[in-house]
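In: Output the structure for:
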Amino acid sequence: MTVVPLEEVRNAALLAWYAHQQRTLPWRDETDPYLILVSEIMLQQTQASRVVPFYERFVARFPTVESLAFAVLQDVLDAWTGLGYNTRALRLREAARIIHADGWPTTPETLSDLPGVGPYTAAAVASFAFGAQVPAVDTNLRRVLSRWHGESLSGAVLTAAAETALGQPAGVWNQAMMDLGATVCVPKNPRCTTCPVKDWCSGPAAYTPPTAQGRFEGSARQLRGAIIRTLVRHTATIDDIVQQTGFSPGQVEAAINDLAAEGLVRRNRNGIYEIAE
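Out: Numbers count the residues shown, from 1 in each chain. The predicted structure follows:
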């Protein structure tokens with residue numbers, strides 16, 4: 001009697017579920033590496049439902065890697081503003097310029113050399129766009145795999161578990177795992193009774209949700225976003241930004257210095273702040 005490995009049985013159930021239950025997202029089933037890269041950069045630290053309108057607006061304005069490579073930063077940030085973590089937009093344009101000059105890297109290792117592209121994003125783009133047989137380990141995969149194994153996985157142990165569990169093709173398996181983690185195997189109150197792989201899972205107890213992020217209202221993140229929104233529309237002084245945002249001069253000065261150090265804004269010769277370029 002032939003014994004089918006657990007991973008194969010579980011992956012068959014997972015992929016059968018995904019074929020009927022996959023989320024409808026504008027970048028889903030996309031093959032253009034540029035559009036995949038845009039979506040993956042936007043999805044960093046941001047929920048898919050929130051990304052959708054920004055993605056659609058951004059790629060309508062910058063439909064190709066060349067259009068983004070030659071865009072001025074003010075226009076890029078204008079299309080990005082409201083999504084948050086604006087440094088991602090700057091790094092994405094830097095990556096587009098490298099790709100336009102040198103061509104597309106196609107492996108996780110070479111994609112990781114692009115600005116703003118970490119191990120997860122590199123693996124995701126490599127598997128979705130170039131067919132690389134690699135797991136893309138994000139928070140969803142970590143949570144699902146930890147529950148499968150009955151222990152909180154991290155580091156080399158997590159990597160090994162992902163490589164062992166990986167199904168084929170990797171791009172479809174990665175998407176299925178992400179959808180499972182986003183819609184069924186959620187951090188709190190997972191929907192175990194509707195899970196397609198519940199028969200091969202140790203249960204939800206192995207995973208402890210991370211501590212919730214601090215309040216956005218009144219935070220440095222809120223102020224940074226407000227500064228970028230202001231400067232995308234017009235130049236401004238520290239006093240202008242203080243008046244518009246309600247933050248103290250010290251807070252505004254500290255935030256704008258950080259944004260300047262990151263290459264997002266600059267102070268012109270008249271002492272007025274503007275988007276860097």
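In: contact partners of stretch 129-146?
Out: 31-33, 36-37, 106-108, 119-120, 123-124, 126-127, 152-154, 158-159, 161-163, 165-166, 168-171, 173-174, 177-178, 180-182, 185, 187, 206-207 (CB atoms under 8 Å, 6 or more residues apart in numbering). Bear in mind the C-beta positions are built from the backbone N, C-alpha and C, glycine included.
In: now the most centrally placed residue in the chain: how far from T164?
Out: Of all residues in the chain, the one closest to the mean position by CA atoms, centre = their mean is Q44, 2.0 Å from it. Counting by CB to CB, to the nearest Å, the separation of Q44 from T164 is 26 Å.
In: Mind checking what secondary structure R266 has?
Out: At R266, secondary structure determined by DSSP: H, G, I helix; E, B strand; the rest coil is strand.
In: which residue packs closest to it, ignoring adjacent ones?
Out: Closest residue to R266 apart from its sequence neighbours, by CB to CB, 6 or more residues apart in numbering: A276 at 4.3 Å.
In: gap between the one you found and T87?
Out: For A276 relative to T87 (CB to CB), the value is 12 Å.
In: again with L14
Out: Counting by CB to CB - L14 and T87 are separated by 35 Å.
In: Narrow the contacts of stretch 129-146 to those that are buried.
Out: 33, 36-37, 108, 119-120, 123-124, 126-127, 153, 158, 161-162, 165-166, 170-171, 173-174, 177-178, 180-182, 185, 206-207 (16 or more other CB atoms under 10 Å).
In: all helices of the chain, in order?
Out: 6-21, 33-43, 48-61, 65-69, 73-80, 87-102, 108-111, 119-130, 139-149, 155-165, 170-183, 220-233, 238-245, 249-261 (DSSP state H).
In: Contacts for the shortest one next, please.
Out: By CB under 8 Å, 6+ apart, the surrounding residues in contact with helix 108-111 are 105, 117, 119, 121-123, 125-126, 132, 134.
In: could you redo the last one with a cut-off of 7 Å?
Out: 105, 117, 122-123, 125-126, 132, 134 (CB atoms under 7 Å, 6 or more residues apart in numbering).
In: for the first one, same thing?
Out: Under the criterion CB under 7 Å, 6+ apart, residues 164-165, 167, 172-173, 175-176, 179-180, 196-197, 200 lie in contact with helix 6-21.
In: Looking at those, which is nearest A71?
Out: Nearest to A71 among the contacts of helix 6-21 is Q175, at 29.0 Å by CB to CB.
In: Run a quick neighbour tally on I256.
Out: 22 (other CB atoms under 10 Å).
In: In contact with it, which residues?
Out: 227, 265, 273.
In: Most neighbours among these, which one is it?
Out: Most surrounded of the contacts of I256: other CB under 10 Å gives V265, at 26 neighbours.
In: Tell me what that one is bridged to.
Out: I275 (DSSP bridges).
In: so where is the stretch 1-150 of the chain shaky, pLDDT-wise?
Out: 1-4 (pLDDT under 70).
In: Common neighbours of A276 and T87, please.
Out: By CB under 7 Å, 6+ apart, the residues touching both A276 and T87 are L264.
In: and T211, which of the helices of the chain is closest to it?
Out: Taking those one by one with CB to CB, helix 139-149 is closest: 13.3 Å.
In: about what we covered before: quick check: the residue nearest to R266 touching N268?
Out: No. Counting by CB atoms under 7 Å, A276 stays clear of N268, with 10.1 Å between them.
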